[in-house]
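K.L.:
Quick one: sequence plus predicted model below, questions after.
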Amino acid sequence: MKVLGILGAHRRNGITEKMLETVLAGVKAPNETETIYLEDYSFKPDQGDQHDSVLDELEQKMLDSDVWVIAAPTYWGGLAGKMKDFFDCMRERLVRIDHLGGTHPDRFADKHYVSITDCYTGAFENWVTGVTDQSFRTIDKVMSAAGVIKLHELVLTNTYGMKALPENKKQTCLKWGQRLNSVKKRDDSTLKRYIELFFMIAFMALLTMGIQVGLKMLPTEHFWLSYLSFVVIFYVLLGFILHFFTVVKHRRR
């Protein structure tokens, strides 16, 4: 297995790079690692049939890797420009675009990724306001369109003047790097999990309402209509909550 670090920061030896390299340090042989520092590559968008040779090189490195560790700082509440520019230039290579302009997963489908960002904002402010959320959303949106499966996200706050990683964050990065040693290829089973959740809720609702009827706590008239409406409403509400905590709400500390 090969793990590819993609660093989109202005400084090669900044705190973002330290987080990335600490994650990669947890990857052990026979697994391999490589780091791409995007500032070293002068890439441009493809122009029709004329493909940019630098993008060709970067694309091949991504194809040859099983896991990507995408690291970029948060500037002005959004993803650093170099990483965003890379995503923009790679757009037509990351996805397949149909005749209506819709995007679909293509050659990168079912690879995996870990996302890393950091910011000057303090931990409490970021926890309350979510300064780094937009950076994670940008990465997630691109990766989701490409069919790449998310493993985890790492964030570091209060980085102004920081020269070395705090010990607790260093250990967290190292732990996730070690976990990459056992990543197995799998399909994104989100839809399957939601279907399973629906039937679990349906069974538990039937059991609960059956007990209520037995205890005469629920009228028997229109039982199945009440049961069906309860299941659907409860499932929709629970689905929104799960979506918020697993997709919308990002790691902030």
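P.N.:
Structure's in. What do you need?
K.L.:
residues near the closest residue to I97 other than its chain neighbours, how many?
P.N.:
In space, and not counting its chain neighbours, I97 is closest to T103: 5.8 Å by C-beta to C-beta, 6 or more residues apart in numbering. Quick note: C-beta positions are derived from backbone N, CA and C, even for glycine. For T103, the neighbour count with other C-beta atoms under 10 Å is 17.
K.L.:
and the helix or strand harbouring T172, which residues are buried?
P.N.:
T172 is located in helix 167-179, with elements delineated by DSSP states H and E. Of all the residues in helix 167-179, those buried under the rule 16 or more other C-beta atoms under 10 Å are K169, T172, C173, L174, W176, G177.
K.L.:
what do you get for stretch 36-56?
P.N.:
Those would be I36, Y37, L38, F43, D46, D52, L55, for stretch 36-56 by 16+ other C-beta under 10 Å.
K.L.:
Which stretches in the stretch 101-250 of the chain count as strands?
P.N.:
Listed in chain order, the strands of the stretch 101-250 of the chain (DSSP state E, counting those that start in this stretch) span 103-105, 112-118, 149-156.
K.L.:
hmm, who's touching the shortest one?
P.N.:
Here strand 103-105 makes contact (C-beta atoms under 8 Å, 6 or more residues apart in numbering) with V95, R96, I97, D98, A145, A146, G147.
K.L.:
and if we set it to 6 Å?
P.N.:
Residues from elsewhere that reach strand 103-105 (C-beta atoms under 6 Å, 6 or more residues apart in numbering): V95, R96, I97, A145, A146, G147.
K.L.:
Can you classify the nearest residue to Y41 once chain neighbours are set aside as helix, strand or coil?
P.N.:
Nearest residue to Y41, sequence neighbours excluded (C-beta to C-beta, 6+ apart): V54, at 5.2 Å. With DSSP: H, G, I helix; E, B strand; the rest coil as the basis, V54 sits in helix.
K.L.:
biggest separation within the buried residues of helix 167-179, which pair?
P.N.:
Using C-beta to C-beta, the pair of the buried residues of helix 167-179 lying farthest apart is K169 and G177, separated by 12.6 Å.
K.L.:
so how far is I36 from L228?
P.N.:
For L228, the distance to I36 (C-beta to C-beta, to the nearest Å) stands at 53 Å.
K.L.:
what ranges of the stretch 101-250 of the chain fall below the confidence cut-off?
P.N.:
185-190, 217-218, 243-249 (pLDDT under 70).
K.L.:
do that again at 90, thanks
P.N.:
Within the stretch 101-250 of the chain, the stretches with pLDDT under 90 are 101, 182-250.
K.L.:
roughly how far apart are L20 and I6?
P.N.:
Distance of L20 to I6, computed by C-beta to C-beta: 8 Å.
K.L.:
which of the two has more neighbours?
P.N.:
More crowded of L20 and I6, by other C-beta under 10 Å: L20, with 26 against 23.
K.L.:
what helix or strand is the more buried one on?
P.N.:
helix 15-25.
K.L.:
hang on, the earlier thing: so which of the buried residues of stretch 36-56 belong to strands?
P.N.:
I36, Y37 (DSSP state E).
K.L.:
For the buried residues of stretch 36-56, name the two members farthest from one another.
P.N.:
Those two in those that are separated most widely, counting by C-beta to C-beta, are Y37 and D46, at 21.8 Å.
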